[in-house]
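>>> One predicted model, sequence on top.
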Amino acid sequence: MATLNRNITYTNRDFNTFRNALIDYSKTYFPNTYNDFSTDSTGMLFIEMASYVGDVLSFYLDNQIQETFIQYARQESNLFDLAYMLGYKPKVTTAATVDISLYQQLPSKIDSSGAVVPDFDYCLKIPNNFQITSNANSSVKFIIEDVCDFSVSSSQDPTDISIYSLSGTTPDRFLLKKTRKAISGTIKSTLFEFTTPTKYSTVNINDSQIINVVDCFDSQGNEWNEVLNLAQDTVFTTKINANYTDPNAIQDDAPNLLNLKQVQRRFTTRFISKTQLQLGFGAGTVSDNDENLVPNPDNVGTGLAFSKDKLTTAYSPLNFMFTDTYGIAPSNTTLIVRYLVGGGLSSNVLSGTLTNFDSSNIVFVNPNISSTALANIIFSSVATNNILAADGGQSGDSIETIRQNALGNFQNQLRTVTQQDYLIRALSMPANMGTIAKAFIQPTKVAEYGIGELPTILDMYVLSYDSSKKLRTASSTLKQNLKTYLSEYRMINDSIKIKDAYIINITCNFDIIVLPNYNNNEVILNCISEIQSYFNIDNWNINQPILLKSINILLDQVIGVQTVTNVEIKNIAGKSLGYSEYSYDVKAATNQGVVYPSVDPMVFELKYPQSDIVGRVVPL
C-alpha cells in the first residue's frame with residue numbers, strides 16, 4: 001500500500017480548531033466524497049464528535065502535565081502530595097499562641113530568723129495540657145502543654161513573688177506568678193484496631209482543623225513515636241535534671257537532659273486533605289530488630305546481585321546498617337491516638353479574656369497539708385489571665401502558600417550546612433533543655449588546630465540568661481544538651497567545639513544641652529529611657545560593635561534636647577560589684593565613633609540600666 005502524504009497539523013488544542021481542521025482536511029483530500037458541511041448534516045455529526053473527543057483529551061493531557069509540576073499544580077490533593085515529596089508538611093490550620101499568667105496565693109509564716117516569708121508547703125501544681133477557655137467565647141480553648149509547679153523557681157522558669165495583702169503592717173498573704181506558653185486547641189482521641197500485621201499500613205484521622213498528633217500508645221502501653229520519615233530511627237527524649245529541682249545542689253539552668261533514642265515503633269503523619277490526617281507505619285514485626293544490628297563482613301552488601309568484585313561498589317547504608325522494614329507494623333493491638341484540633345482566625349482572642357479553667361486536676365505539691373480550711377482558700381485563689389492578646393491563628397495554607405513553602409523547604413532541608421544554619425539551629429533548641437541566649441560561630445583559628453585535626457572544625461560561642469535575664473556562662477548540662485541536639489543535624493565531617501563567650505559590662509555617660517522652657521529632669525529621664533531601650537540585651541549579639549553615632553542620633557531625637565555634647569562608654573568589671581570579671585580597654589577599642597569588640601568573641605552588656613546610665617545637662 002502506498003504511503004499517503006497528508007498535511008496534518010499538531011497544534012490544535014480546542015473544539016473549534018479541531019472542527020475547522022477536520023473540515024479543511026475533508027475538503028482537501030475528499031472533495032468528491034463528501035461536501036455537505038452544513039450544521040445539521042450527518043458528516044458534521046461525526047466531525048464534531050471527533051472534535052469533542054480531541055478537545056477533552058487535550059484538556060486532560062494539559063491538566064496532567066500541569067499537575068506534574070508544583071509550580072503550576074492547582075488540585076489540592078495533588079499539591080499535598082507534591083509538597084510532601086519536597087519535604088514540606090502543609091498546615092490545614094494554624095494555632096494562636098499567647099503567654100498565660102498563672103497565679104496562686106500563699107499564706108505567710110515566720111522562718112527561723114524571725115522574718116515573714118511565704119509558706120511554700122501550700123504550693124500548687126498545675127498539670128500539663130491544662131485547658132483554659134475564653135470568657136468571651138467558650139468555644140475558643142487554649143492548653144498549656146508544660147507542667148506549672150509553683151514550688152520550683154529557676155532562671156528558665158522564674159516565680160515572681162509579691163505581697164498580696166497585709167495584716168496591719170505584716171504580710172499575711174503572698175502572690176505567686178508564673179508564665180506559660182499556651183496554644184489554642186483541644187485534645188481529642190481516637191482508636192485504631194490492628195489484627196494481622198500489614199506492610200506499610202495506614203489509618204486516617206477524620207476531623208476538621210487538625211493541628212498535630214499529641215501522642216500515640218498501644219493497648220500494651222508501648223509508646224509509638226512520630227518521625228519525619230520512616231527511615232528516621234532516632235527521636236529526642238528527655239528526663240528531669242535532678243540538679244534542677246534539688247534545693248541542696250548547685251542550681252543548674254537546664255530543667256531537662258536531652259538524649260537520642262532509637263525506636264522501632266514509629267509512624268509518620270501526612271495530610272491527604274484538609275480534613276484527613278493519615279498515619280503511616282513500617283513493614284516489620286517485633287522480631288525484626290533494627291536497633292541492634294551491627295555491620296560486619298557477613299551482612300555488608302547483603303542483597304547485591306553479584307559478589308565477585310565489591311571493590312568499586314557504591315554501598316547504601318540501608319544494606320547493612322538497618323533492616324529494610326522502616327519500623328514495625330502494629331499487630332494484635334489497639335492504638336490510642338491523641339491529637340490536637342483548633343486554631344484558626346477565631347483563636348486570636350483579646351487580652352484579659354483567658355480566665356476560665358477546670359481546676360479538677362490541680363493538686364498540692366505537698367500532700368500533707370496541716371490546715372484543710374486554709375488549703376481550700378489557697379486552692380480557690382488560683383487565677384489565669386493573658387496580659388497580651390493571642391495571635392498567630394490562621395486558617396491554614398493557601399494553594400500559593402503550599403507551593404512557595406514547599407519550594408523553599410526543598411532548598412533549605414533540615415541539615416546544617418552553613419555557619420548560619422548552625423547558629424539558627426542552636427538558638428531553636430527547645431526551652432526545657434535550657435535556653436541559649438546568645439550564640440556566635442566561626443571557623444577555628446589555624447593556630448588552634450591540633451595535630452591531625454581536619455580544617456572542618458567550628459567554634460560555637462554561647463551564653464545563657466540567669467533568673468534576672470542577665471547574661472551568664474552556659475552550664476555544662478546546657479552545653480551537653482546542645483551537643484546532643486546538634487548531633488542529629490550536623491554534617492558528618494563537621495566538628496563543633498562549644499565554648500563560652502566573654503561578657504563585657506559597660507556603663508554609658510552622656511552630656512546634653514536642653515532647649516529653653518523644658519524641664520531638665522524630664523528630658524534626662526527620657527534620654528535614659530531611650531538608651532535603656534537601645535542597650536536592651538535582646539537587641540545585642542556576640543561581636544556586635546557599639547555605634548556612638550547611633551546613640552547621638554537617638555538622643556538628638558528626644559523632645560527637649562538641643563545638642564548632644566558627649567557620649568562615653570566605659571568598662572566596669574569585678575565580681576564583688578556584681579559584674580563580669582573581665583575588663584576591656586574601651587578607649588583603645590574605639591575608632592572613629594565605633595567601639596569594636598575584641599578578637600575573642602564577646603558581647604557588650606549594660607547589666608544594670610537603672611544605675612549604669614548617667615546623664616548630665618551642661619550649659620550652652
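Good, I have the coordinates.
>>> low-confidence ranges in the stretch 1-150 of the chain?
When residues are selected by pLDDT under 70, those of the stretch 1-150 of the chain lie in 1-3.
>>> which residue ranges form the helices in it?
15-29, 42-68, 76-85 (DSSP state H, counting those that start in this stretch).
>>> list the buried ones in the first one?
Under the neighbour-count criterion of 16 or more other Cβ atoms under 10 Å, helix 15-29 has Phe15, Thr17, Phe18, Arg19, Ala21, Leu22, Ile23, Ser26 buried. (Glycine included, C-beta is placed from N, CA and C.)
>>> Who are the packing partners of it?
If you count contacts as 3 or more Cβ pairs under 8 Å, 6 or more residues apart in numbering; DSSP states H and E, helix 15-29 packs onto helix 42-68.
>>> Next, count neighbours for Lys499.
16 (other Cβ atoms under 10 Å).
>>> so what's it up against?
Asp459, Met460, Tyr461, Val462 (Cβ atoms under 8 Å, 6 or more residues apart in numbering).
>>> lowest-confidence helix or strand of this structure?
The weakest-scoring helix or strand in the chain, judged by mean pLDDT, DSSP states H and E, is helix 242-245 (a mean of 66).
>>> Report all helices and strands that the very next helix or strand once past that helix contacts.
Scanning forward in sequence from helix 242-245 by DSSP states H and E, the next helix or strand is strand 256-262. If you count contacts as 3+ Cβ pairs under 8 Å, 6+ apart, strand 256-262 packs onto strand 234-240, helix 476-487.
>>> Counting neighbours, show which residues of strand 256-262 come out buried.
Buried residues in strand 256-262 (16+ other Cβ under 10 Å): Asn256, Leu257, Leu258.
>>> Sheet partners, orientation included, of the following helix or strand past it?
Proceeding N to C from strand 256-262, the next assigned helix or strand is strand 266-273, under DSSP H and E. Partners of strand 266-273 in the sheet, by DSSP bridges, are strand 225-226 (parallel), strand 276-281 (antiparallel).
>>> In CSV, list the C-alpha atoms belonging to the next helix or strand after the last one.
Next helix or strand after strand 276-281 toward the C-terminus (DSSP H and E): strand 333-341. Once side chains and other backbone atoms are set aside, the C-alpha atoms of strand 333-341 remain, and they are given as CSV (Å, rounded to 0.1, in the frame of the first residue of the first chain):
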residue,chain,number,x,y,z
THR,A,333,-3.3,-4.3,69.4
THR,A,334,-5.3,-1.1,69.6
LEU,A,335,-3.6,2.2,69.1
ILE,A,336,-4.9,5.2,71.1
VAL,A,337,-4.0,8.4,69.3
ARG,A,338,-4.5,11.8,70.9
TYR,A,339,-4.4,14.7,68.5
LEU,A,340,-4.9,18.5,68.8
VAL,A,341,-7.6,20.4,66.9
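>>> strand partners of strand 333-341, parallel vs antiparallel please.
strand 186-194 (antiparallel), strand 210-218 (antiparallel).
>>> Would you mark the buried spots in it?
Thr333, Leu335, Val337, Tyr339, Leu340, Val341.
>>> likewise stretch 55-68?
Going by 16+ other Cβ under 10 Å, stretch 55-68 has these buried residues: Asp55, Ser58, Glu67.
>>> Contact partners for the residue nearest the centre of the chain?
Nearest to the mean C-alpha position of the chain, by Cα atoms, centre = their mean, lies Ser428 at 6.4 Å. Neighbour list for Ser428: empty [criterion: Cβ under 8 Å, 6+ apart].
>>> ok, it to Tyr485 distance?
9 Å (Cβ to Cβ, to the nearest Å).
>>> now do Gly352
Applying Cβ to Cβ to Gly352 and Tyr485 gives a distance of 37 Å.
>>> Show me what counts as buried in stretch 216-228.
Here stretch 216-228 shows Cys216, Phe217, Asp218, Trp224, Asn225, Glu226, Val227 as buried, counting by 16+ other Cβ under 10 Å.
>>> Could you give the number of residues near Ser475?
Using other Cβ under 10 Å, Ser475 has 19 neighbouring residues.
>>> related to what we said a few turns ago, any chance of the buried residues of stretch 216-228 in a markdown table, plus pLDDT and distance to Ser468?
Listed next are the buried residues of stretch 216-228 as a markdown table, based on pLDDT from 0 to 100; distance: Cβ to Cβ, whole Å:
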| residue | pLDDT | distance to Ser468 |
| --- | --- | --- |
| Cys216 | 95 | 40 |
| Phe217 | 95 | 41 |
| Asp218 | 94 | 46 |
| Trp224 | 95 | 42 |
| Asn225 | 94 | 37 |
| Glu226 | 93 | 37 |
| Val227 | 91 | 39 |
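>>> Out of the residues you listed, which is nearest to Val363?
Phe217 (23.1 Å; Cβ to Cβ).
>>> how about Asp500, what does it touch?
Per Cβ under 8 Å, 6+ apart, neighbours of Asp500: Tyr461, Val462, Leu463, Thr473, Ala474.
>>> Go through those and flag which are in strands.
Tyr461, Val462, Leu463 (DSSP state E).
>>> Contacts only, for the second one.
When contacts are counted by Cβ under 8 Å, 6+ apart, Val462 touches 426, 436-440, 474, 478-479, 482, 498-501.
>>> switch the cut-off to 10 Å
Counting by Cβ atoms under 10 Å, 6 or more residues apart in numbering, Val462 makes contact with 426-427, 434, 436-441, 473-474, 478-479, 482, 498-501, 542, 601.
>>> Report the strands that pair with the helix or strand harbouring Lys499, each with its relative direction.
Element membership of Lys499, judged by DSSP H and E, is strand 495-500. Using DSSP bridges, strand 495-500 pairs in its sheet with strand 457-465 (parallel).
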